[in-house]
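[1] here is my input; please provide its structure:
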Amino acid sequence: MDFSISTFCLVALSMGFANVCGTLYFINLSNKNPHAAAFWSATLILANAFTITNYVENHAYVAAASIGTYLGAYGTLKWQQKRENS
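    Predicted coordinates for the structure are as follows:
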């Protein structure tokens, strides 16, 4: 089980992107926009596939997934709030 800082960063980025996709999926779902919700749902699965294959191989990457998850959801919601307020 080798540890790579570049893989750690890629897992964090991938999980952050996956949470952007998940957040946008739920926003479009609540707005009843089927095409956009389906697009973000499919993109979410693809982003998660990369992440899962890496942290199942080495459990140290679960921390990277957690960091990316937090940053992705937080950043997306802050961006949405900024869009709604302007």
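[2] from here on, just use CA atoms for contacts and neighbour counts.
    Noted.
[3] all helices for the chain, in order.
    Taking DSSP state H as the criterion, the chain contains helices spanning 5-30, 34-57, 61-85.
[4] tell me the most buried of those?
    Mean neighbour counts were compared across those using mean count of other Cα atoms under 10 Å; the top stretch is helix 5-30, at a mean of 21.
[5] so which elements touch that one?
    Packing partners of helix 5-30 (3 or more Cα pairs under 8 Å, 6 or more residues apart in numbering; DSSP states H and E): helix 34-57, helix 61-85.
[6] find the residue at the geometric middle of this structure.
    In the chain, the C-alpha nearest the mean C-alpha coordinate belongs to Ala18, at 2.0 Å (Cα atoms, centre = their mean).
[7] quick one: that one and Ala47 touch, right?
    Yes: Ala18 is within contact range of Ala47, at 5.3 Å (criterion: Cα atoms under 8 Å).
[8] phi and psi next, for Asn58.
    The phi/psi pair for Asn58 (degrees, to the nearest 10) reads phi -140, psi 110.
[9] tell me how many other residues crowd it.
    Asn58 has 13 neighbours, counted by other Cα atoms under 10 Å.
[10] who's in contact with the residue nearest to the centre of the chain?
    43-45, 47-48, 69, 72 (Cα atoms under 8 Å, 6 or more residues apart in numbering).
[11] how much space separates it from Arg83?
    Look at Ala18 and Arg83: by Cα to Cα, to the nearest Å, they are 20 Å apart.
[12] could you report the pLDDT at the residue nearest to the centre of the chain?
    On pLDDT, Ala18 comes in at 91.
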